[in-house]
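Colleague: The following comprises the amino acid sequence and a computationally predicted model.
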Amino acid sequence: MEFSLMKIFQGCDVFLYQWEHDWSIAIMRIVLVITGGLMVHLGRKGVLEPLLMIPMGLGISTVNSAMMFFDPINMAKQTPIDSTKIGTLFLDSIESGHENLLILCQIEWLQPIYTFAFSNGLIACLMYVGIGSLMDVGFIMARPFQSMFIAICAELGTLLTLPIAMLFKGMSVGDAAALALVGGADGPMVLFGALQMAPDLFVPITVVAYLYLALAYGGFPYLIRFMVPKKFRMIEMPPEKKVFKATSGQKLIFAVVMCVAISFLFPVASPLMFSLFLGVAIRESGLEKFRYLVSEIVLYGSTLMLGLLLGVLCDAKTIMDPRVLPLLLLGVMSLGLSGVGGLCGGYIMYFITRGKYNPVIGIAGVSCLPSCAKVAQKEVSDANPGAVVMQYALGASISGIITTAIIAATYISLTQ
Amino acid sequence: MEQAIQIMLIAFLVTVVVGSLFAVLIWALTLLLNLGNKNDEAAESNQENETALAVAVALKARSQQNTKKG
């Protein structure tokens, strides 16, 4: 009987094969395994968003470890197998043929979730239902103009990245527009936009977007400290004389009116907007059992699956794709510019109100609900423990979702 | 490139116009709902006043009856 240690430990065999044929992929695998571990560590420490980073980091480390010689399609069809084809038992994001997808769904364990929930945007919609059920629209109802102004300023990256991305060779208008949506800091919206405008770059754009959204949690505090001196960060918001406190019934009416209005004007954004306002409607109509279902089970279940899928999509071959490097650079630029735009909006409000507005609130316009609002409050509390800006920040964040939906719908309409 | 700049400018204008319209819509809706709230409160307050008046009248009548009996 022929005996080979390499045949028993298949991972070593694959690694040596890659090292001999394309050493850069082998090196990248090691880098990604370490990066995944680092993401888990930083998520655990709370530096990065733990809900997304822990499953994503573990997914990256594992998928880059678990490579083997694997040709599932030919294996299932009983046709000659390509013995040098490398794959995993997780999923295949490239395959699109119906027959082959059906075969993969029976072999790769995450393929059914990827095919039936991720690549059609369902997971994004489910997350929006959950986010909606946690969202108090009373904050935007109390100060609509202020919130909308900040949100429009915080779309700077979403707008400017589109022409800048066109400077990169080989990028189409659709690709550039899908990538520019990263600046809206709205994960589900990027997923949805990429699916519609850049199906070829759907996987890398989505991975880049979520990677940066998690990094925004750790990076925006530095941007705030860089752009807003402590004397501005510690500004206390003056007590408001007449604040409209909406009842549940009024918030429900608001949700219905807004959902219908946005869906009427931008039908392409309606699946996401419907999902968001469905969550709001469930919250405000007092359906406690539904609310528990969407805010606890659906939201956290989708987040876990999303993190896991994003992690396993980050295999060395995808990351080494020459089209990914510009995406990494442009993604961070888009998000950074939106942060700068939001803070500039905060400064404009500061001057309009003659010093009675904390400019840090501007960062919350970069939606990413509720992370950016939490970052704004944390930075303000660090400078002045008595200052509370959360209600203003949440209003701006909710408006940010609406403005990103408007831009996404406009981009989708104009690029198709 | 030119096409990208055009799309960006159109998207910016659409966002500003529609965003402002939404802000106005939310403000108007809030105003209407607030007005409805005040009307409800006023109606509720009137009803309470009427009930209080009816109780006071009834008590007065009863007290007068008691006085007569006494």
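Modeller: The structure has been received and is ready for your questions.

Colleague: alpha carbons only for contacts and neighbour counts from here, please
Modeller: Fine.

Colleague: which residue is nearest the middle of chain A?
Modeller: The centroid of chain A falls nearest to A:Gly187 when counting by Cα atoms, centre = their mean (2.5 Å).

Colleague: what's the closest non-adjacent residue to it?
Modeller: Spatial nearest neighbour of A:Gly187, excluding adjacent residues (Cα to Cα, 6 or more residues apart in numbering or on different chains): A:Tyr210 at 6.1 Å.

Colleague: Show me what from the stretch 51-200 of chain A comes close to chain B.
Modeller: A:141-142, A:144-145, A:148, A:152, A:159-160, A:162-163, A:166-167, A:173 (Cα under 8 Å from any Cα of the partner chain).

Colleague: ok, which pair from these is furthest apart?
Modeller: Greatest spatial distance in these: A:Ala142 and A:Leu167, 41.9 Å, computed using Cα to Cα.

Colleague: Pretty sure A:Ala408 sits against A:Leu181.
Modeller: Yes. Contact criterion Cα atoms under 8 Å: A:Ala408 and A:Leu181 qualify, at 6.8 Å.

Colleague: contacting residues around the residue nearest to the centre of chain A?
Modeller: Neighbouring residues of A:Gly187 by Cα atoms under 8 Å, 6 or more residues apart in numbering or on different chains: A:Ala124, A:Thr206, A:Ala209, A:Tyr210, A:Leu213, A:Cys368.

Colleague: Torsion angles phi and psi at the last one?
Modeller: The phi and psi values for A:Cys368, taken as degrees, to the nearest 10, are phi 50, psi 50.

Colleague: what residues are up against it?
Modeller: A:Gly184, A:Ala185, A:Asp186, A:Gly187, A:Leu213, A:Ser397.

Colleague: Just the buried ones from those residues?
Modeller: Listed as buried from these are A:Gly184, A:Ala185, A:Asp186, A:Gly187, A:Leu213, A:Ser397; burial here means 16 or more other Cα atoms under 10 Å in any protein chain shown.

Colleague: For chain B, state which of those is nearest.
Modeller: A:Gly184 (12.6 Å; Cα to the nearest Cα).

Colleague: That closest one and A:Ile406 touch, don't they?
Modeller: No. Counting by Cα under 8 Å, A:Gly184 sits too far from A:Ile406 to count as a contact (10.6 Å).

Colleague: Now do the host helix or strand of A:Val257: which elements does it pack against?
Modeller: Under the criterion of DSSP states H and E, A:Val257 resides in helix A:248-265. On a contact count with 3 or more Cα pairs under 8 Å, 6 or more residues apart in numbering or on different chains; DSSP states H and E, helix A:248-265 meets helix A:270-284, helix B:2-69.

Colleague: Out of the ones you listed, name the one with the poorest average pLDDT.
Modeller: Least confidently modelled of the helices and strands packed on helix A:248-265 is helix B:2-69, at a mean of 77 by mean pLDDT.

Colleague: and A:Ser119, how many neighbours?
Modeller: 18 (other Cα atoms under 10 Å in any protein chain shown).

Colleague: got the contact list for it?
Modeller: Neighbours of A:Ser119 in contact, by Cα under 8 Å, 6+ apart: A:Leu195.

Colleague: what's around A:Val47, how many residues?
Modeller: A:Val47, neighbours per other Cα under 10 Å, totals 16.

Colleague: Check which helix or strand the residue nearest to it when sequence neighbours are not counted maps to.
Modeller: Using Cα to Cα, 6+ apart and skipping the chain neighbours, the partner closest in space to A:Val47 is A:Gly218 (5.5 Å). Using DSSP H and E, A:Gly218 maps to helix A:202-227.

Colleague: So which bits of that helix are buried?
Modeller: So, applying 16+ other Cα under 10 Å, buried residues of helix A:202-227: A:202-221, A:223-224.

Colleague: Following the chain onward from it, which element is next?
Modeller: helix A:230-233.

Colleague: Could you list the buried residues of that following helix?
Modeller: Neighbour-count burial for helix A:230-233 [16+ other Cα under 10 Å]: A:Lys230, A:Phe232, A:Arg233.

Colleague: same check, this time on stretch A:105-115
Modeller: Those would be A:Cys105, A:Ile107, A:Glu108, A:Leu110, A:Gln111, A:Pro112, A:Ile113, A:Tyr114, A:Thr115, for stretch A:105-115 by 16+ other Cα under 10 Å.

Colleague: Tell me who's in contact with A:Ala405.
Modeller: For A:Ala405, the contacting residues are A:Met189, A:Ala269, A:Met273, by Cα under 8 Å, 6+ apart.

Colleague: Test for you: state the pLDDT assigned to the first one.
Modeller: With respect to pLDDT, A:Met189 has a value of 83.

Colleague: Now do the longest helix seen in chain A, average pLDDT.
Modeller: The residue-count maximum for a helix in chain A (DSSP state H) belongs to helix A:324-352. What helix A:324-352 shows for mean pLDDT is 91.

Colleague: Give me the helices and strands touching it, please.
Modeller: helix A:144-153, helix A:156-165, helix A:173-180, helix A:202-227.

Colleague: can you give me the angle whichever helix or strand comes after the shortest one makes with helix A:202-227?
Modeller: Later in the chain than helix A:173-180, the nearest helix or strand by DSSP H and E is helix A:187-197. Taking axes from the mean of the first three to the mean of the last three Cα atoms, to 10 degrees, helix A:187-197 and helix A:202-227 form an angle of 140 degrees between their directions.

Colleague: what's near enough to touch the residue lying closest to A:Gly331 once chain neighbours are set aside?
Modeller: Nearest residue to A:Gly331, sequence neighbours excluded (Cα to Cα, 6+ apart): A:Val182, at 6.0 Å. A:Val182 makes contact with A:Thr158, A:Val190, A:Ala209, A:Gly331, A:Ser334, A:Leu335 under the criterion Cα under 8 Å, 6+ apart.

Colleague: Same check on A:Glu49?
Modeller: Here A:Glu49 is in contact with A:Gly43, A:Ala214, A:Leu215, A:Tyr217, A:Gly218 (criterion: Cα under 8 Å, 6+ apart).

Colleague: Make JSON lines from the residues you listed and add pLDDT and distance to A:Lys378 to it.
Modeller: Listed next are these as JSON lines, based on pLDDT from 0 to 100; distance: Cα to Cα, whole Å:
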{"residue": "A:Gly43", "pLDDT": "90", "distance to A:Lys378": "18"}
{"residue": "A:Ala214", "pLDDT": "70", "distance to A:Lys378": "17"}
{"residue": "A:Leu215", "pLDDT": "70", "distance to A:Lys378": "16"}
{"residue": "A:Tyr217", "pLDDT": "75", "distance to A:Lys378": "11"}
{"residue": "A:Gly218", "pLDDT": "79", "distance to A:Lys378": "12"}
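
Colleague: on that earlier part again, and the helix holding A:Gly218, how far out from the chain's middle?
Modeller: 9 Å (Cα atoms, centre = their mean, to the nearest Å).

Colleague: So which elements touch that helix?
Modeller: Helices and strands touching helix A:202-227, by 3+ Cα pairs under 8 Å, 6+ apart, are helix A:187-197, helix A:299-313, helix A:324-352, helix A:371-383.

Colleague: most tightly surrounded among those helices?
Modeller: helix A:187-197 (a mean of 26; mean count of other Cα atoms under 10 Å in any protein chain shown).
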